[in-house]
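In: what would the 3D arrangement of this be:
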Amino acid sequence: MRTNGVIPGVLLGVLLLPAFPLQAQYAPRSAYMRHPEAAIGYVDSCANFWFTAYDSLYGGFCIGIDQTGRPIAGWGMYKDVVVQSRDAYGFSRAFMLTGDTVYLRYARRALDFMYAHDWDQANGGWYPANDRTGNPAPASAPKAAFDQHYALVGAAALFEATRDTTEWGWLMKGYAANDAHVWDARAGVEGYYDSANAAWSSPWGKSFNATVDAITTHVLALYLLTGDDVYKSRLLALARNIMEDLYPTMAPQKIGFVESYHTDWSWDNLAVGNNTRTIMGHVLKTAWCLGRIHQLFPDTAYVAAAESLAANVMRLGYDHELGGPYKDYDRLTGQMMMYGQDTAKAWWQMEQAYTAGMELYAITGEDRYLRMADETIDFFMAYFVDHTYGEVFSDRTRKGGAIPAWGYDKGNSGKGGYHSIEFGYYAYLYGNMFYTHEPATLHYRFLPAASDRVIPMNPIAWKSVWYRIQSVTLNGAPWTDFSAADRTIHLPAGSGGLLAVTYVPATTGVAAARAAAPAEFALGQNYPNPFNPSTTIAYTVPGAGRVTLQVFDLLGKLVATLVDGPLPQGHYTAAWNAAGAPSGVYFYRLTAGGHAATRKALLVR
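Out: Modelled structure (predicted):
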């Protein structure tokens, strides 16, 4: 009960707080967290950007792309295998989110150029680079595991979207070459070599890229697509490499872990090249991979290591004020590598903070991981996205500004349409599956085949019982021949076309179970705080009934009523726009179902 706009219990501006402990739950601020479907439009815009990178004269997609999306003629119109494959990945994912088959045509263009020009017919494996016409540049160049792995990411994505046998054939060809030439099967030093000469006769080194990028580009995808024990075995072998070779090197470093190794997995601290560099995005990507492998093959040691890796970045290499990880560090000194500029953040490393954060949130239900994901995507969408020409910039300063000395180009040999679109793809899937617990729809094109098919549908590495198929349409009409729990679709001989498959979380798992559990009364801390002029307040009501949420000044005078009426049980947010109110301390009070709680907010003009 209130009298004359004053809260009972307020005396001389001092608020009597409730005796019971407040149960706060982090309330994401990013619209992309609260409404994951917003990521579809973002991905559509990014994928559209890359259309003009296509070389209509010789085929393939150029490496050097300016801010507007046009090839940079002064760069020589060169192409490479990684950009073709990454662009194909981006176009494939854009189709899966939007259902626009134009993207499938562009993915096909990228891969057709790669298949025609980048395969080394004499030695096997992929040439790293081409001139404009497709000739290897040069054919004698060394081969790196990084290129061999990333050559398969586009084919894996397009195969998932279409189940096209052309992509499957090239996936198997590339995987077999990696197995024959890049995998070191010697007992005690197993793992992918980092590099080799063109003929594969002299392989050397081990590395983060050779190990973790194998998981993210194709090995995990192959297991999800097939369930084959061959890929399970390789996944677990790579997990052992992380747990026994990469992760243990973190302990003696000031920050991060060792990324470059000798062939026997030994390492040194010689300041040669980038030997002592550690990259925050790599540390976080490793945590993401361990989390996903744990989801498929539960092992608490994977989770403990993933949390330790994430904690290393969050403690030493993360911007807690503005959001997102910083770029690169010297692991021996712990000093940030400035490269002559202000503290910098990189587009692809932002993605790893989001995906690692969401993965660990799904596993543990802990809000610190949700906060990292939310802060990161909020900063990314505000400052990395080019809202004039589309796509994203490679680097931003700590506060989101441009770095003119590094240029404004959008495409280079390490970029293409991969990380920007992958970020949006997982923002949509993880946001719906792990946070909002709403359905998510993906599009596929499975052309008719001569025989019956039972097609497994596993878009994310999540425990099998934790999500299912809710509905399927085939060519716009409902299709009922599917198994929801097993996530398989049956297509009889001669059946096929465009499918829309809607997945829904089964509301099990830690984070999902917490959201599905009976609601407990809670009032969260407003965010941001301090604020000017708007802030958001999250709260939970335990049962249906009248709810009030009101704001008072220091003297107990009612300033604003944000909620006043009946609400069902659930989690809610309310926004307070304090435009016109003076700077100072305010109190906001929630009452519901016989409970009451109060918190303090600070308005700073």
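
In: hey, let's count contacts and neighbours off CA atoms from now on
Out: Fine.

In: quick one, phi psi at residue 485?
Out: Geometry field for residue 485 lists phi and psi as phi -70, psi -40, criterion degrees, to the nearest 10.

In: can you get me a residue count around it?
Out: 14 (other CA atoms under 10 Å).

In: tell me how far it lies from residue 505.
Out: In this view, residue 485 and residue 505 are 11 Å apart by CA to CA, to the nearest Å.

In: ok, residue 66 next?
Out: To residue 505, residue 66 is 41 Å away according to CA to CA.

In: next, the contact list for residue 94, please.
Out: 40, 43, 44, 47, 100, 103, 421, 425 (CA atoms under 8 Å, 6 or more residues apart in numbering).

In: wait, I meant residue 192
Out: Counting by CA under 8 Å, 6+ apart, residue 192 has contacts 145, 182, 183, 184, 206, 210, 211.

In: counting neighbours, what do you get for the first one?
Out: I take that to be residue 145. Neighbour number of residue 145 under other CA under 10 Å is 26.

In: residues contacting it?
Out: Applying CA under 8 Å, 6+ apart, the residues near residue 145 are 182, 192, 193, 194, 195, 209, 210.

In: re the thing from before, scan the contacts of residue 94 and report the most crowded one.
Out: residue 421 (30 neighbours).

In: hmm, it is touching residue 43, no?
Out: Yes - with contact defined as CA atoms under 8 Å, residue 421 counts as touching residue 43 (5.5 Å).

In: take the contacts of residue 192 and keep only those in helices.
Out: Using DSSP state H to define helices, the subset of these located there is 145, 210, 211.

In: how about TSV for the residues you listed, with distance to residue 165 and pLDDT added?
Out: Shown next, in TSV, are the ones in helices among the contacts of residue 192 (distance: CA to CA, whole Å; pLDDT from 0 to 100):
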residue	distance to residue 165	pLDDT
145	25	98
210	27	98
211	27	98
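
In: list the buried residues of stretch 544-560.
Out: 546-559 (16 or more other CA atoms under 10 Å).

In: helix or strand for residue 590, which one?
Out: strand 584-592 (DSSP states H and E).

In: how about residue 563?
Out: Going by DSSP H and E, residue 563 is part of strand 558-567.

In: so how far is residue 214 from the residue nearest to residue 88 when sequence neighbours are not counted?
Out: Nearest non-adjacent residue to residue 88, counting by CA to CA, 6 or more residues apart in numbering: residue 107, 4.1 Å away. Computed as CA to CA, the residue 107 to residue 214 distance reads 21 Å.

In: the more surrounded of those two?
Out: Higher neighbour count among residue 107 and residue 214: residue 107, with 27 against 24, using other CA under 10 Å.

In: so what's that one up against?
Out: Applying CA under 8 Å, 6+ apart, the residues contacting residue 107 are 87, 88, 89, 90, 91, 92, 154, 158.

In: now flag whichever of those is closest to residue 235.
Out: When those are compared for distance to residue 235 (CA to CA), residue 154 comes out closest, at 19.2 Å.

In: what helix or strand is the closest one on?
Out: Applying DSSP H and E, one finds residue 154 within helix 153-162.

In: for stretch 265-275, measure first residue to last.
Out: First-to-last distance for stretch 265-275 - CA to CA - comes to 14 Å.

In: change the start of the numbering to 34 and stick with it
Out: Happy to do that; since the first residue is 34 now, the last one works out to stretch 298-308.

In: so how far is it from its chain's centroid?
Out: 29 Å (CA atoms, centre = their mean, to the nearest Å).

In: give the buried residues for that stretch.
Out: Neighbour-count burial for stretch 298-308 flags 298, 300, 308 (criterion: 16+ other CA under 10 Å).

In: contact partners of that stretch?
Out: Stretch 298-308 is contacted by residues 222, 238, 239, 278, 291, 292, 293, 294, 309, 365 when judged by CA under 8 Å, 6+ apart.

In: sorry, back to before: including distance to residue 403, could the contacts of residue 178 go into CSV?
Out: Listed next are the contacts of residue 178 as CSV, based on distance: CA to CA, whole Å:
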residue, distance to residue 403
215, 37
225, 33
226, 35
227, 34
228, 37
242, 27
243, 29
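
In: most neighbours among the residues you listed, which one?
Out: residue 225 (28 neighbours).

In: relative to residue 223, how far out is the residue lying closest to it once chain neighbours are set aside?
Out: If the residues on either side of it in the chain are set aside, residue 225 comes closest to residue 216, at 4.4 Å by CA to CA, 6+ apart. Residue 216 sits 7 Å away from residue 223, going by CA to CA.

In: list the buried residues in stretch 397-404.
Out: 398, 399, 400, 402, 403, 404.

In: the strands in the stretch 434-583 of the chain, which residues?
Out: 473-479, 486-489, 500-507, 510-511, 515-516, 521-524, 530-538, 555-556, 567-574, 578-586 (DSSP state E, counting those that start in this stretch).

In: so the residue nearest to the spatial centre of the chain versus residue 258, what's the distance?
Out: Of all residues in the chain, the one closest to the mean position by CA atoms, centre = their mean is residue 388, 3.5 Å from it. To residue 258, residue 388 is 20 Å away according to CA to CA.

In: cool, residue 242 as well?
Out: The value you get for residue 242 to residue 258, if CA to CA is used, is 23 Å.

In: isn't residue 78 right next to residue 424, touching?
Out: Yes - using CA under 8 Å, residue 78 and residue 424 qualify as a contacting pair, with a distance of 6.7 Å.

In: between those two, who's got more neighbours?
Out: Using other CA under 10 Å, the more surrounded residue of residue 78 and residue 424 is residue 424, with 28 against 17.

In: which non-adjacent residue is nearest that one?
Out: Excluding its sequence neighbours, the residue lying closest to residue 424 (CA to CA, 6+ apart) is residue 79, at 4.4 Å.

In: you'd agree the one you found is up against residue 453?
Out: Yes - between residue 79 and residue 453 there is a contact under CA under 8 Å: 7.3 Å.

In: list residues touching both of these two?
Out: 424, 425.

In: find the nearest non-adjacent residue to residue 556, please.
Out: With CA to CA, 6+ apart, the residue lying closest to residue 556 is residue 572, at 4.4 Å.

In: count of neighbours near that neighbour?
Out: Counted with other CA under 10 Å, residue 572 comes out at 23.

In: if I look at residue 538, how far off is residue 390?
Out: 18 Å.

In: more neighbours: the two, which one.
Out: residue 390 (27 against 22).

In: the more buried one falls within a strand, correct?
Out: No - the assignment for residue 390 is helix, going by DSSP: H, G, I helix; E, B strand; the rest coil, so no strand is present there.

In: nearest spatial neighbour of it, chain-adjacent residues omitted?
Out: That would be residue 402: by CA to CA, 6+ apart, it lies 4.5 Å from residue 390.

In: what strand or helix carries that neighbour?
Out: Using DSSP H and E, residue 402 sits in helix 400-412.

In: how distant is stretch 168-184 from the center of its chain?
Out: That offset, for stretch 168-184, works out to 26 Å (CA atoms, centre = their mean).

In: so which bits of that stretch are buried?
Out: So for stretch 168-184, counting by 16+ other CA under 10 Å, buried means 169-170, 172, 175-184.

In: shouldn't residue 410 be in contact with residue 382?
Out: No - Residue 410 lies out of contact with residue 382 (CA under 8 Å); the separation is 11.1 Å.

In: report the beta-bridge partner residues of residue 515.
Out: When assigned by DSSP bridges, residue 515 has beta-bridge partners residue 522.

In: how about it, what does it touch?
Out: Residue 515 touches 505, 521, 522, 523, counting by CA under 8 Å, 6+ apart.

In: now swap in residue 562 and tell me
Out: 568, 634, 635, 636.

In: about what we covered before: among the buried residues of stretch 168-184, which are located in helices?
Out: 178, 179, 180, 181, 182, 183.

In: what helix or strand does residue 604 sit in?
Out: Residue 604 belongs to strand 603-610, assigned by DSSP H and E.
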